[in-house]
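Visitor: What follows is a protein structure lacking sequence information:
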DNA sequence: CTGTTAGCGCTTTCAG
DNA sequence: CTGAAAGCGCTAACAG
């Protein structure tokens, strides 16, 4: 491996001068600077991060941690997009992305990158065990949470505007004449789903539509099928269903088709997230789009601020806006008659 | 940050003794060893990888590179699974995973981790530009290719048994009585798809079924919709369609439904990959399962062998077996009549 | 068995 | 403007 010393020898200067030249310091003559750069070029030399980091006490790497059990990458395209957003922004800032999927049974077995100080900070995405977060706090690891499933003080968080998104979805359905609106969801213990329920309730209230517990079905992420099936057996069936995420909605489609009903003629659907699959479904799913890459890139920008100490490290909560994407899974209630 | 020196001071020994104790060398007395371990524990000390790596000329990190443009993570659950497989195996071996999505227009702007020697080796997954691979070769970066889209000498490759998988799929259809079998695919310039076409042809040949160019439609990954639509307009329509990947098949479903035909009663489908979506589709898609995590973990094991120099670095080609998963998208041709 | 010494590749004083 | 020297945290060779 070619080092700064080699370049120094070739250029007939000292290693420190080479270092200065490479880092474009102002205490090198333009001449030597040029000479050194040229030699570096010629020998295809790039300073190793090893030494620099050791000296600077920095790693130029950021850890990104997901919960392994939730199959975050393959199971949910949502998080993959967030990851792509994170990657892009880190690359832009010339940081490495160190990926780790945290096992539930990891207990106090921290990931290598944390134990061995190989990252300057971490981004925790989605469901993450409390104890793990606490552990990191104790070690003073700078961090940012993205779409956390449970709220936390004193840590910066990048959040989806869940409540308003749900509110918009329901308002949209109501304006299409729907009054009995089913709500199918993942576990309501999770902050984000819970907030979506609040948005649902607020919209109903605004239009003086009574809230009916029977229309609320929450549980497993993939239980959209069962939930929908159940809602279809209700005496007073819903005319529309709001799924707190697209995956749920797609599973819901399946139940509707099995019941030989049509979407949206017999029942309307609206989702949340706008994963790629949403537009591929038949009919294409009307849904609340979440800007997933943004969630990631904003997280990176915030974390880097903290890491570089460029800002007073106040924990912030940033709400990333959402948007309603109209497709073909909703029609007006009047048509149903 | 607490260092080996601090521990040494507290334990009243020299730093080297601490190092030895921590690394469980046999030239430390059991007593001091125990004492040091205990102090380390107490102070929650873990040696920093910085120094160790600088000394050992190793990084204990492996780079994993995808092509950014193909939206490898969010756009294709296939690669996400491969990534999960890679992550798991690396974690098991106590290596960091440094993720990078390679931009097409990156030209000779290599990723930071490569330029600055922050990884011991890399795994390249899927489509990767030739020039990039060549660049890495010139720099003697140990590497392994996973499901490469174009073949390469002298580099270890972990491959899907494309040909045999396609062969099995077609054989299965033929045994169900199908004779006119459509073939829809991504770009045939890609090795893997091309091999699947070879498998298709071989199966036809075995059963003396003529090969008909008209039934072959290749192009964009998401063009399954158009391809299927086109096949349905043929005078002598296929009774079954083999899609060289599940995504294509799912898009094909859409075209079939639009034509008010039913699967499998009117036309059978068989896919390739077995992504999660395959079983979610209606009807659930019969497909050739590829063991995606395996592709990843095998790649890691091979790369680590090379990196650790534990083996004669002969480039190998490993074929990961596939398996036919029967679901509900195929029925016998006789039924059609 | 233990400690001293040197050095991995780089940066940063500080003296010249 | 340049270079010598010291040191980041750790390991290894060698002497004691």
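Guide: Received, thanks. Remember, predicted model here, so these are calculated numbers, not experimental data. Numbering: from 1, shown residues only, chains lettered A, B, ... in the order given.
Visitor: tell me which element the one residue sitting closest to the centre of chain A falls in.
Guide: Note on chain A: the residue nearest the mean C-alpha position is residue A:82, at 4.0 Å, using CA atoms, centre = their mean. Taking DSSP states H and E as the criterion, residue A:82 maps to helix A:77-92.
Visitor: Residue A:145 too?
Guide: strand A:143-146.
Visitor: Contacts for that strand, please.
Guide: A:82, A:121-126, A:128, A:133, A:136-137, A:152, A:155-158, A:295-296, A:299, A:302-303, A:306 (CB atoms under 8 Å, 6 or more residues apart in numbering or on different chains). Just so you know, the C-beta spots here come from the backbone N, C-alpha and C atoms, and that holds for glycine as well.
Visitor: That one pairs with which strands, and in what direction?
Guide: strand A:121-125 (parallel), strand A:156-160 (parallel) (DSSP bridges).
Visitor: who touches residue A:179 in this structure?
Guide: A:209, A:239, A:333.
Visitor: Within the helices and strands, which one has residue A:269?
Guide: Per DSSP H and E: residue A:269 is located in strand A:268-273.
Visitor: nearest residue to residue A:222 other than its sequence neighbours?
Guide: residue A:251 (6.0 Å; CB to CB, 6 or more residues apart in numbering or on different chains).
Visitor: buried residues in the strand or helix carrying the one you found?
Guide: Residue A:251 is part of helix A:246-258 when elements are defined by DSSP H and E. Across helix A:246-258, burial judged by 16 or more other CB atoms under 10 Å in any protein chain shown covers A:246-256.
Visitor: What's opposite the residue nearest to residue A:291 when sequence neighbours are not counted in the beta bridge?
Guide: With sequence-adjacent residues excluded and distances taken as CB to CB, 6+ apart, residue A:291 is closest to residue A:320, at 5.7 Å. Beta-bridge partners for residue A:320, by DSSP bridges, are residue A:160.
Visitor: hang on, the earlier thing: quick one: the following helix or strand past the helix holding residue A:82 near chain B?
Guide: Once helix A:77-92 ends, the next helix or strand along the chain (criterion: DSSP H and E) is strand A:96-102. Yes: residues of strand A:96-102 are located near chain B by CB under 8 Å from any CB of the partner chain, namely A:96-101.
Visitor: Quick check: residue A:295 touching residue A:84?
Guide: No: counting by CB atoms under 8 Å, residue A:295 stays clear of residue A:84, with 10.6 Å between them.
Visitor: Do a quick rundown of the strands in chain A.
Guide: Assigned by DSSP state E, the strands in chain A fall at A:61-67, A:96-102, A:121-125, A:143-146, A:156-160, A:181-186, A:216-219, A:240-243, A:268-273, A:286-290, A:317-320, A:322-325.
Visitor: Pull up the residues of the stretch 1-150 of chain A that are close to DNA strand D.
Guide: Counting by CB under 7 Å from any atom of the strand, the stretch 1-150 of chain A comes close to DNA strand D at A:12-17, A:20, A:26-33, A:51, A:54-55, A:57.
Visitor: Phi and psi next, for residue A:120.
Guide: Main-chain torsions, residue A:120, degrees, to the nearest 10: phi -90, psi -20.
Visitor: List the contacts of it.
Guide: A:58-62, A:95, A:142, A:307.
Visitor: what about chain A, any weak spots by pLDDT?
Guide: Across chain A, the ranges flagged by pLDDT under 70 are A:106-108, A:221, A:310-312, A:335-337.
Visitor: In stretch A:284-291, which of the residues would be classed as buried?
Guide: Neighbour count says stretch A:284-291 has A:285-291 buried, by 16+ other CB under 10 Å.
Visitor: closest to residue A:76 among those?
Guide: residue A:290 (12.2 Å; CB to CB).
Visitor: Burial check on the nearest residue to residue A:332 once chain neighbours are set aside, number of neighbours?
Guide: Of all residues not flanking residue A:332 in the chain, residue A:176 sits nearest, at 4.5 Å (CB to CB, 6+ apart). Using other CB atoms under 10 Å in any protein chain shown, residue A:176 has 18 other residues around it.
Visitor: Could you do residue A:46 as well?
Guide: Neighbourhood size, residue A:46 [other CB under 10 Å]: 15.
Visitor: Also residue A:5?
Guide: Residue A:5: 11 neighbours (other CB under 10 Å).
Visitor: Might you report the residue contacts of it?
Guide: Neighbours of residue A:5 in contact, by CB under 8 Å, 6+ apart: residue A:15.
Visitor: mind redoing it with 10 Å?
Guide: By CB atoms under 10 Å, 6 or more residues apart in numbering or on different chains, the contact set of residue A:5 is A:14-15, A:18.
Visitor: Relative to DNA strand C, how far out is it?
Guide: The gap separating residue A:5 from DNA strand C is 6 Å, by CB to the nearest atom of the strand, to the nearest Å.
Visitor: Repeat that for residue A:31.
Guide: Residue A:31 is 15 Å from DNA strand C, where distance means CB to the nearest atom of the strand.
Visitor: same deal with residue A:187?
Guide: For residue A:187, the distance to DNA strand C - CB to the nearest atom of the strand - is 49 Å.
Visitor: isn't residue A:87 right next to residue B:83, touching?
Guide: No: using CB atoms under 10 Å, residue A:87 is not in contact with residue B:83, being 11.7 Å away.
Visitor: what residues are shared contacts of the two?
Guide: Joint contacts of residue A:87 and residue B:83 (CB under 10 Å, 6+ apart) are A:99, B:66, B:73, B:99.
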